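Novice: Got a sequence here, can you model it:
(2 chains)
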Amino acid sequence: MNKFFASFVKEILLLVRDRAGMLSLFVMPLILVFVMTLIEDTALDSMVDKQISMLYCNPENDSLGIAIKKGIEDTKAFTIIEEQDGKKLNKELVRQLVAEGKYPVGVYIPEGATDTLKSNARKVVLKTFADIGLGSGAPVNTNYDSVVINVFYDPATKNALKAVVEGAIGQHSSNLVGKMISDMYTETISDILPGEKKLNVNYPQMISVDKQYASAPDNSIIPNSTQHNVPSWTLFAMFFIVIPLASSIIQEKDGGTYMRLVTMPKTYMTTFIGKIVVYFIVCLLQVTILFAMGYYILPYAGIPGLQLGTHFDALAMVVLSASFAAVSFGVLMGAFATSYQQAASVGVILIIILASFGGLWMPVYFMPKSMQAITVYSPLSWPLTSFYDLFLRNADLKDVLPNIIKTLLFGTGCFIIAFAYKAVKKVK
Amino acid sequence: MSGKLKIYSMATESIIEIVDLCKTYKGSKKPAIDGISVKIKQGEIFGLLGPNGAGKTTTISILCGLFAPTKGDVYIDGLSIRKDMEQIKSIIGIVPQDIALYPSLTAYENLRFIGRMYGLKGKILKERISMYVELLGLEDSLKKKLSTFSGGMKRRINLVAGLLHNPKMVILDEPTVGVDVQSRNLMVQYLYDLNKTGTTIIYTSHYLQEAECLCHRVAFMDKGKIITIGSPRELISDTPGCQTLEEVFLKLTGIDLRD
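Specialist: Got it, this is the predicted structure:
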């Protein structure tokens, strides 16, 4: 125990005094998680969570402009801006501001658009009644005037955003036209009804949409940038431990301390365990700090806070197994690499590859089908999937156990290969 | 393994008996050491000398338990390195050629760690550290990080690290390489004093004058074999035309450059 404690203290001192190592283990992951969550919150979740500024120019200020504005507001995706520097917008200014990249989208409703639509609706109704012989007998003008609504987009605007804008305009202008025609019919029929009777038609809401996440009907957590980025970049940071851990092992080999340790009685394994316990604790600290930042700090930046689900026993098991896998991967790199440069470069590239096809950089469902099939083989995807299951799908220990077992097997495999390789090298 | 020592065939006056020791590294056709046999007496300072690639470091590495020999055996204090290496490790002290310590730790933190690894603790460990650093003139630098030490100071701390557990036998691999004359003098004097307490010292060096002054006996190794063995005085007197150990060395190993 004395030997283990001595190794443990030695490793902590070495780690604490390695400023670059401490930065890469704690400070850089904090910045990485914060920045990536912030960036992706804007890029990915703008459709759902965050409002985008939209220029809206409605000089006629009549039914069509009002209906479309309400429809756009109802999407909750946009903040409507109708003035720039205290001045009312006009069509040219809207085009110019969007062209300059100051706004992603601008909408212009031309003057007299509502009147044109009303005129068209009247023509439709008069034509219908004339066709069945109920008209005044006067000729009906069937030249319909077109109404053009201008929508200006920044070239970088995503298709999904365009679809929301055009959907809102299309739906609400169609509704308005439908209502205009219906009102016109009502008015015309009322005129021909005997006495003082008026036709009164009400249109009840017949269809409603119930939105919910199929994965968690009893759990109202909404998938967002935080729920993806915090666990994924935390895992990335944990596996980055390969650099300080492998370099610590290599420095002992190169500096001669390895020789001293193996020539001491019953010592090397104790010191080695002391080392991996310290790095294991570092992984746990990383998770604690980064998840705490996600939970407590991100909301202050206007980003949804991290939701940890309700099964903390399962969460603890996932974190422990992921830490074990990260440390064992570092040990493997330390066993095979012959120099610090080799461990750093190969280690970083391997982690980036495993992270990219493990779904850490981009959620798996964004990937092509062929990539999604490979994802299941990345050891980083197993704990990440478990985090998703726990945070978003209200899964319990039984649900995430297969991924925990896979992660533990990966870690055990790394240790076995590392020690077998060292044993073979010693015989040589 | 019980604490009882196993005694194998070894002359009672010898603490080390190397018997037909061979080592061929995997992938190499030439043996690094080729059937060396030597007995080293208790309390002796024994120099293992030779040009680069002679097999000195391989011999020392086998004595330390870094790797197993291809053939032969070594008996240290009656114990076989093939069977009892863990017990042997506790009675030998190693002073490697590299400064085998942690640069970002202080001298005291390094020595405390090494001492604890040898099972020392508490007051005994503190007293040992104080005693050795005082003997080697490092008491004022104990709280400084090793990275701030001069080459000579690092060598002295490296020596202390190999002695903390008061081993019966110390193996030193070029302990004075790259240090100034003052540090070297102090270290050699200390080794001489240490030997007076009965500690056996096995020592390799390229400083033949140092070996001539310090060693009771030396063995010259070349191409994996021991080519001669004896006291420095015997070797000088037995080699015609030589006045120093260095001249004997050059005469026996030649002047060709080695890899």
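Novice: And for residue 51, the neighbour number?
Specialist: Chain wasn't specified; assuming chain A. 13 (other CB atoms under 10 Å in any protein chain shown). Backbone N, C-alpha and C define where each C-beta goes, glycine included.
Novice: My question was about chain B, not that one.
Specialist: B:P51 has 19 nearby residues by other CB under 10 Å.
Novice: cool, B:G254 as well?
Specialist: Other residues close to B:G254 by other CB under 10 Å number 11.
Novice: you'd agree B:E212 is in a helix?
Specialist: Yes. Judged by DSSP: H, G, I helix; E, B strand; the rest coil, B:E212 forms part of a helix.
Novice: And it, what's its pLDDT?
Specialist: B:E212 carries a pLDDT score of 88 in this model.
Novice: isn't it right up against B:E247?
Specialist: No. Using CB atoms under 8 Å, B:E212 is not in contact with B:E247; the gap is 10.6 Å.
Novice: Settle it for me: which of these two has more neighbours?
Specialist: B:E212 (21 against 14).
Novice: If you count contacts, what does the lowest-mean-pLDDT helix or strand in chain B end up packed against?
Specialist: Sorting the helices and strands of chain B by mean pLDDT, DSSP states H and E puts helix B:245-253 at the bottom, at a mean of 84. Applying 3 or more CB pairs under 8 Å, 6 or more residues apart in numbering or on different chains; DSSP states H and E, one finds that helix B:245-253 contacts helix B:208-214, strand B:217-222, strand B:225-230, helix B:232-238.
Novice: by how many degrees do the second one and helix B:245-253 diverge?
Specialist: Between strand B:217-222 and helix B:245-253, the angle formed by their directions is 40 degrees, by axes from the mean of the first three to the mean of the last three CA atoms, to 10 degrees.
Novice: ends of stretch B:73-89, how far apart?
Specialist: 16 Å (CA to CA, to the nearest Å).
Novice: Mind listing what's buried along it?
Specialist: Within stretch B:73-89, the residues scored as buried using 16 or more other CB atoms under 10 Å in any protein chain shown are B:73-81, B:84-85, B:87-89.
Novice: do the same with stretch B:190-200
Specialist: Across stretch B:190-200, burial judged by 16+ other CB under 10 Å covers B:Y190, B:L191, B:L194, B:N195, B:T199, B:T200.
Novice: okay if I get these as a markdown table plus distance to A:K179, pLDDT and secondary structure?
Specialist: Shown next, in a markdown table, are the buried residues of stretch B:190-200 (distance: CB to CB, whole Å; pLDDT from 0 to 100; DSSP: H, G, I helix; E, B strand; the rest coil):
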| residue | distance to A:K179 | pLDDT | secondary structure |
| --- | --- | --- | --- |
| B:Y190 | 104 | 88 | helix |
| B:L191 | 105 | 89 | helix |
| B:L194 | 105 | 90 | helix |
| B:N195 | 110 | 91 | helix |
| B:T199 | 106 | 92 | coil |
| B:T200 | 107 | 94 | strand |
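Novice: So for the residue in chain B that chain A sits nearest to, what's the nearest residue that isn't a sequence neighbour?
Specialist: Distance from chain A to each residue of chain B (CB to the nearest CB) is smallest for B:D98, at 2.9 Å. Closest residue in space to B:D98, ignoring its immediate chain neighbours: A:G256 at 2.9 Å, by CB to CB, 6 or more residues apart in numbering or on different chains.
Novice: and the residue lying farthest from the centre of chain B, what pLDDT?
Specialist: Here chain B reaches farthest from its C-alpha mean at B:G241, the gap being 30.3 Å by CA atoms, centre = their mean. pLDDT, B:G241: 85.
Novice: Tell me if B:V74 really is in a strand.
Specialist: Yes. Applying three-state DSSP, one finds B:V74 inside a strand.
Novice: dump the residue contacts of A:A418.
Specialist: A:A418 makes contact with A:S328, A:V331, A:L332, A:G334, A:A335, A:F336, according to CB atoms under 8 Å, 6 or more residues apart in numbering or on different chains.
Novice: returning to that earlier point: what helix or strand is the residue farthest from the centre of chain B on?
Specialist: Counting by DSSP states H and E, no helix or strand carries B:G241.
Novice: Repeat that for B:E109.
Specialist: helix B:107-117.
Novice: for that helix, packing partners?
Specialist: Against helix B:107-117 (3+ CB pairs under 8 Å, 6+ apart) you get helix A:2-17, helix B:122-135, helix B:151-163.
Novice: follow-up on the earlier one: any idea how far the least confident helix or strand of chain B is from the middle of the chain?
Specialist: Averaging C-alpha positions (CA atoms, centre = their mean, to the nearest Å) puts helix B:245-253 21 Å from its chain's average.
Novice: Excluding chain neighbours, what is closest to A:A335?
Specialist: A:A418 (3.8 Å).
Novice: before we move on, the earlier item: can you list the residues that contact the least confident helix or strand of chain B?
Specialist: Here helix B:245-253 has contacts from B:49-51, B:54, B:208-209, B:211-212, B:218, B:220, B:222, B:227-228, B:232, B:235-236, B:239, B:241-242, using CB under 8 Å, 6+ apart.
Novice: Filter those down to just the buried residues.
Specialist: Buried among the contacts of helix B:245-253 (16+ other CB under 10 Å): B:49-51, B:54, B:208, B:211-212, B:218, B:220, B:222, B:228, B:232, B:235-236, B:239, B:242.
Novice: For the biggest helix by length in chain A, name the packing helices and strands.
Specialist: Counting residues, the longest helix found in chain A (DSSP state H) is helix A:159-192. On a contact count with 3+ CB pairs under 8 Å, 6+ apart, helix A:159-192 meets helix A:63-74, strand A:105-108, helix A:113-131, strand A:150-153.
Novice: The last one: which residues count as buried?
Specialist: By neighbour count, and taking 16+ other CB under 10 Å as the criterion, the buried residues in strand A:150-153 are A:F152, A:Y153.
Novice: Name the nearest residue to A:T412, ignoring sequence neighbours.
Specialist: A:S328 (7.3 Å).
Novice: Check the gap between A:F4 and A:V277 for me.
Specialist: Per CB to CB, to the nearest Å, A:F4 is found 8 Å from A:V277.
Novice: Now do stretch B:168-186, average pLDDT.
Specialist: Per-region confidence: stretch B:168-186 scores 87 on mean pLDDT.
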